[in-house]
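A.B. asks: need a structure here:
(one chain, ligands or ions: 1)
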Amino acid sequence: MPKETLVKIYDKLLEAFGPQHWWPADDDFEIIVGAILTQSVSWKNVEKAIDNLKAKGLLSLDAILAVDKDKLAALIKSTMYYNQKALKLKNFCRYIKQNYGGDIYSLFEKSIPNMRAELLSIKGIGPETADSIILYAAAKPIFVVDAYTRRIFSRLGFLPDDAKYSQMQDFFMSNLPSDVNLFNEYHALIVRLGKDYCKNKKPLCNECPVKNHCSNI
Ligand code: SF4
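C.D. replies: Below you'll find the predicted structure:
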């Protein structure tokens, strides 16, 4: 039952919103930088930070390692917690430099569990960031979940409203075929639904494309 309904919900979202073309970036390293910067902040603010890094020629692993930490923090100020995020960027780049000679694609050759364990071992990289890197940069099938996923799928009646990250991820991965394109698009569509309809305080249930599947109305 959840399997069929999950696919139906996906179809409804895709029909309503169309492909979301995630992740918006020029290359895989930019995806990683975006995945680190986007935590707790809107994408518009991440774009500003990435534009600043590009303008200064700093959107590369070696450049991030070489630049002064405070200068890096100032360039990504729009993303909140910019001092911590500057450290996270440097931590990631240092790890790849020390363990893979600066080549992210050597990390991408690892199995998903090994890659995930390595990413999570880097200070400041949490499950959502690690999984975003694996799905969107390495193009390997792991389902990314977030606060939108929890809000929507608890309101739909599939998950408790205090569902943990791993519980949400298991739910999707055990009920959907392991398909990179499906996982890529489904997460992006969930984010779109959460932003435009299933809002925190006043969800727009009457116009919601998946209202027929929702236990909240
Ligand atoms: S019907 Fe309302 S509560 Fe249910 S998913 Fe849509 S917006 Fe959210």
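
A.B. asks: CA only for contacts and neighbour counts going forward, please
C.D. replies: Noted.

A.B. asks: report pLDDT for the residue nearest the centre of the chain.
C.D. replies: Among the residues of the chain, the one closest to the centroid is S132, at 4.0 Å (CA atoms, centre = their mean). The model reports S132 with a pLDDT of 98.

A.B. asks: in contact with it, which residues?
C.D. replies: S132 is in contact with I32, A35, V144, counting by CA atoms under 8 Å, 6 or more residues apart in numbering.

A.B. asks: from these, which is closest to the ligand?
C.D. replies: V144 (18.2 Å; CA to the nearest ligand atom).

A.B. asks: leaving out the residues flanking it, which one is nearest to that closest one?
C.D. replies: D131 (5.7 Å; CA to CA, 6 or more residues apart in numbering).

A.B. asks: list the helices and strands the strand or helix carrying A74 packs on?
C.D. replies: Element membership for A74 (DSSP states H and E) is helix 69-75. Taking 3 or more CA pairs under 8 Å, 6 or more residues apart in numbering; DSSP states H and E as contact, the helices and strands that helix 69-75 lies on are helix 43-55, helix 82-100.

A.B. asks: and of these, who's closest to the ligand?
C.D. replies: Of all the helices and strands packed on helix 69-75, helix 43-55 sits nearest to the ligand, with 21.2 Å by CA to the nearest ligand atom.

A.B. asks: and the closest one, how far out from the chain middle?
C.D. replies: 16 Å (CA atoms, centre = their mean, to the nearest Å).

A.B. asks: same deal with stretch 156-170?
C.D. replies: 17 Å.

A.B. asks: list the contacts of that stretch.
C.D. replies: By CA under 8 Å, 6+ apart, stretch 156-170 touches 2, 127, 143-146, 149-151, 153-155, 213-216.

A.B. asks: residues near the residue nearest to K211 when sequence neighbours are not counted, how many?
C.D. replies: Nearest residue to K211, sequence neighbours excluded (CA to CA, 6+ apart): C205, at 6.3 Å. Neighbour count for C205, taken as other CA atoms under 10 Å: 16.

A.B. asks: enumerate every residue touching C205.
C.D. replies: Applying CA under 8 Å, 6+ apart, the residues contacting C205 are Y197, C198, K211, I217.

A.B. asks: kindly report the same for S154.
C.D. replies: For S154, the contact set (CA under 8 Å, 6+ apart) comprises P160, D161.

A.B. asks: that older thread, give me the residues contacting the helix holding A74.
C.D. replies: For helix 69-75, using CA under 8 Å, 6+ apart, the contacting residues are A49, N52, L53, I64, Y82, N83, K85, A86, L87.

A.B. asks: equivalent analysis for stretch 113-123, please.
C.D. replies: K88, N91, F92, Y95, L107, F108, I125, G126, P127, A130, D131, I134.

A.B. asks: circling back to that earlier point, just the contacts of C205 that are near the ligand?
C.D. replies: Subset of the contacts of C205 in contact with the ligand: Y197, C198, K211, counting by CA under 6 Å from any ligand atom.

A.B. asks: give me the buried subset of the residues you listed.
C.D. replies: Buried residues within the ones next to the ligand among the contacts of C205, counting neighbours by 16 or more other CA atoms under 10 Å: Y197, C198.

A.B. asks: restricted to strands, list the ones next to the ligand among the contacts of C205.
C.D. replies: Residues of the ones next to the ligand among the contacts of C205 located in strands (DSSP state E): none.

A.B. asks: break the chain into its domains for me.
C.D. replies: Domain assignment for the chain, taken from automatic domain parsing, gives 2-21+143-213, 28-137.
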